[in-house]
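K.L.:
Give me a model of this one.
(2 chains)
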Amino acid sequence: DTGVSQDPRHKITKRGQNVTFRCDPISEHNRLYWYRQTLGQGPEFLTYFQNEAQLEKSRLLSDRFSAERPKGSFSTLEIQRTEQGDSAMYLCASSHPLVIGSSYNEQFFGPGTRLTVL
Amino acid sequence: EDQVTQSPEALRLQEGESSSLNCSYTVSGLRGLFWYRQDPGKGPEFLFTLYSAGEEKEKERLKATLTKKESFLHITAPKPEDSATYLCAVQGASAGGTSYGKLTFGQGTILTVHP
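P.N.:
Okay, here's the model as predicted:
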């Protein structure tokens, strides 16, 4: 399977613990995005990487959240001192470079990591 | 700030009963409008990209259209397997005219097709 993969698929943690999620994008995609989705809502943008550079971060991304993409391939999203409000589905997506009028704008999503904070 | 509103929130259809889903948007510098399908517990699955007003795209029983303010997803003679949440998203130009490609999503329309 050559799609976007995420690990783990499910994570249950206690409030105050740290968690880390991994995303492996489609191999030829240099753009990688993280989104968060809560029940009944559409995904909300968190952050964006082009190769290894983190170029955009949402105001939703508090200082407890940090993301990396050290070699421009896989990415990790860490949440420190988790809170119950962090419970959500964390989605990763990847795409080709942005080319107007081409098919390369599309973002392809992974299956997500479901986080439950008790 | 880009905004997307989808209606209705939920739609129940009988198998074979055609209908449309609406996506209203405001965006500065539309780069693309996207439709995704999402099944419970899974990530969104890409369906269509529309770039300019008047554009239409079709895939099986689905047809997406775009105007300057709205997009419609028409579903013709739906089947129970079409039941899912349909998400609309826009990709606009960020401040300064650049675009890193982030998507702004609506809340989705939950479609249920009864046999």
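K.L.:
drop to CA atoms for contacts and neighbour counts, all remaining ones
P.N.:
Will do.
K.L.:
Need phi/psi at residue A:85.
P.N.:
phi -70, psi -10 (degrees, to the nearest 10).
K.L.:
Identify the residue nearest residue B:109 in space, chain neighbours excluded?
P.N.:
residue B:9 (4.7 Å; Cα to Cα, 6 or more residues apart in numbering or on different chains).
K.L.:
Check residue B:82 too.
P.N.:
residue B:113 (6.8 Å).
K.L.:
contacts for the helix or strand hosting the one you found?
P.N.:
Residue B:113 belongs to strand B:109-114 when assigned by DSSP states H and E. Outside strand B:109-114, the residues within contact range by Cα atoms under 8 Å, 6 or more residues apart in numbering or on different chains are B:6-15, B:21, B:78-87.
K.L.:
Now, of those, which are buried?
P.N.:
B:6-7, B:9, B:11, B:13, B:15, B:21, B:78-79, B:82-87 (16 or more other Cα atoms under 10 Å in any protein chain shown).
K.L.:
ok, back up a step: quick check: the residue nearest to residue B:109 touching residue B:108?
P.N.:
Yes: the criterion here is Cα atoms under 8 Å, and residue B:9 meets it with residue B:108 at 6.6 Å.
K.L.:
What residues does chain A have near chain B?
P.N.:
Counting by Cα under 8 Å from any Cα of the partner chain, chain A comes close to chain B at A:33, A:40-45, A:48, A:55-56, A:91, A:98, A:100-101, A:103, A:105-112.
K.L.:
pLDDT of stretch B:31-43, averaged?
P.N.:
Averaged across stretch B:31-43, pLDDT comes to 94.
K.L.:
nope, stretch B:53-70 is what I was after
P.N.:
On average, stretch B:53-70 scores 96.
K.L.:
now do stretch B:90-103
P.N.:
What stretch B:90-103 shows for mean pLDDT is 72.
K.L.:
burial measure for the residue lying closest to residue A:83 once chain neighbours are set aside, as a count.
P.N.:
Leaving aside its chain neighbours, residue A:83 sits nearest to residue A:15 (5.3 Å; criterion: Cα to Cα, 6+ apart). Applying other Cα atoms under 10 Å in any protein chain shown, we find 16 residues neighbouring residue A:15.
K.L.:
give me the number of residues near residue A:85?
P.N.:
Residues contacting residue A:85 under the criterion other Cα under 10 Å number 11.
K.L.:
One more: the one 4 residues further on?
P.N.:
A count of nearby residues for residue A:89, using other Cα under 10 Å, gives 23.
K.L.:
ok, it touching residue A:115?
P.N.:
Yes: Residue A:89 sits in contact with residue A:115 when judged by Cα under 8 Å, with a separation of 6.1 Å.
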